[in-house]
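> Based on what follows, work out the 3D shape:
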Amino acid sequence: MATAVLVAAVVGGGVLLLMRRLFPRQHAMKLLQYPADTMRGKTVIVTGANSGIGKALAGELLKLQARVIMACRDRERAAEAARDIQEQSGPGRGEVVVKELDLASLKSVRKFCQEIQEEETTIDVLVNNAGIYQCPYAKTEEGFEIQLGVNHLGHFLLTHLLLDLLKRSAPSRIVVVSSKLYKHGRVNFEDLNSERDYDKAFCYSQSKLANLLFTLELAQQLEGTGVTVNALTPGIVRTGLGRHVHIPLLAKPLFSLASTLFFKSPLEGAQTPLYLACSSEVHGVSGKCFANCEEEELLAKATDEQAAKKLWDISRKMVGLDDQ
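Next comes the predicted model:
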């Protein structure tokens, strides 16, 4: 019995050491504390607010008395998430509005923006949070590779169509959720739609680099308007984003344990977007990227102004803005 216990302890310790190497422990996020009425009278749009970071962020904003518009592809799941965060927020909370938005359809994006323009007098914060990760090859309604289409192009059009309202609401903010995996990508201008070759990991990294280049160029376009835009990398967070990643059956228990021990919770992952949406510390700050509520130094590929301008011009054509 003693030998078995010793062997189990040694094996278990080895497994934990391996997981610690594979998934370095991230610094525990200190949860932000703001006065309960910090966002009273402010309207915030959060895309992908029915799960993960988006849902946690919507809940925190609701506690701060914001009017939160949950922009989600699945209206039923969004309504269920809205009920959850309303119950958790308790009395004195803000207001929740559920609206349908499918970022894989530019038609849906245009319909959503038209409704917002007709129904809302102000938009104080737009959080471009929704995303998909390393999914099998697929195309959006308009024929774009789906990770580029949802993570970049859908939000690109969404932001453009809401810019006039954001400018009228100034000072207002745009928050873009990127990923540290941008480091493994590049913008393949020769095959932006991945029609010659598809690598799901590369395409995700490309889309997240596109988020950062979009933030860089948009910040320049918005100078002097009172609208700021900043990006963030949330780190490794326990969400359903990795549902398309294949994990061998025998490894799933270990991966589950590793995610519990070493990954951020959705609430921890939501702290930096909450900071960028609420904090007075970033008032007037624009064109930056943040991690753990601090400014992050980016690789040169993410601060390349020529690449940002080129991607901007191509993206306008792809989503049909040059036709207007």
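
> got the contact list for stretch 111-122?
Under the criterion Cβ atoms under 8 Å, 6 or more residues apart in numbering, residues 42-43, 45, 69, 71, 99-101, 123, 158, 161-162, 165, 168-169, 172 lie in contact with stretch 111-122. Glycine gets a C-beta too; all of them are placed from N, C-alpha and C.

> pretty sure Val176 belongs to a helix, no?
No - checked against DSSP: H, G, I helix; E, B strand; the rest coil, Val176 lies outside a helix; its state is strand.

> what sits opposite it in the beta ladder?
For Val176, the beta-bridge partners are Asn128, Ala231 (DSSP bridges).

> Look up how far Tyr198 lies from it.
For Val176, the distance to Tyr198 equals 24 Å [Cβ to Cβ, to the nearest Å].

> Mind checking which of those two has more residues around it?
Shown here are Val176 and Tyr198; by other Cβ atoms under 10 Å, Val176 has more neighbours (24 against 15).

> And the pLDDT at the more buried one?
Per-residue confidence for Val176 comes out at a pLDDT of 98.

> swap in Lys264?
Looking at Lys264, its pLDDT is 84.

> That one reaches Val237, doesn't it?
Yes - assessed by Cβ atoms under 8 Å, Lys264 is found in contact with Val237 at 4.6 Å.

> Tell me which stretches of the stretch 51-200 of the chain form helices.
52-63, 75-89, 106-119, 146-148, 155-168, 200-221 (DSSP state H, counting those that start in this stretch).

> just so I know, which of these lies nearest Asn230?
helix 200-221 (6.8 Å; Cβ to Cβ).

> How much space separates Gln88 from Lys55?
Gln88 is 10 Å from Lys55, where distance means Cβ to Cβ.

> Which of these two has more residues huddled nearby?
More neighbours surround Lys55 than the other of Gln88 and Lys55, with 26 against 12 (other Cβ under 10 Å).

> give the contact list for that one.
Counting by Cβ under 8 Å, 6+ apart, Lys55 has contacts 49, 81, 84-85, 266.

> what do you get if the cut-off is 6 Å, keeping everything else the same?
Applying Cβ atoms under 6 Å, 6 or more residues apart in numbering, we find Lys55 in contact with 49, 81.

> likewise the one 3 residues further on?
Ala58 makes contact with 46, 49, 68, 70, 85, according to Cβ under 6 Å, 6+ apart.

> Could you count how many residues lie near the first one?
Right, Val46. By other Cβ under 10 Å, neighbour count at Val46 equals 29.

> What does it show for phi and psi?
phi -120, psi 120 (degrees, to the nearest 10).

> what's the distance between Val176 and Ala302?
Counting by Cβ to Cβ, the gap from Val176 to Ala302 is 12 Å.

> intersection of neighbour lists for the two?
Taking Cβ under 6 Å, 6+ apart as the contact rule, Val176 and Ala302 touch no residue in common.

> Tell me the one of the contacts of Ala58 nearest Pro273?
Nearest member of these to Pro273, counting by Cβ to Cβ, is Val46, at 8.4 Å.

> For the closest one, give the beta-bridge partners.
Met70, Val127.

> Now that it has come up, it's in contact with Ala56, right?
No - at 10.1 Å, Val46 does not count as touching Ala56 under the criterion of Cβ atoms under 6 Å.

> hang on, the earlier thing: and the helices of the stretch 51-200 of the chain: which comes nearest Thr38?
With respect to Thr38, and counting by Cβ to Cβ, the nearest of the helices of the stretch 51-200 of the chain is helix 52-63 at 9.2 Å.
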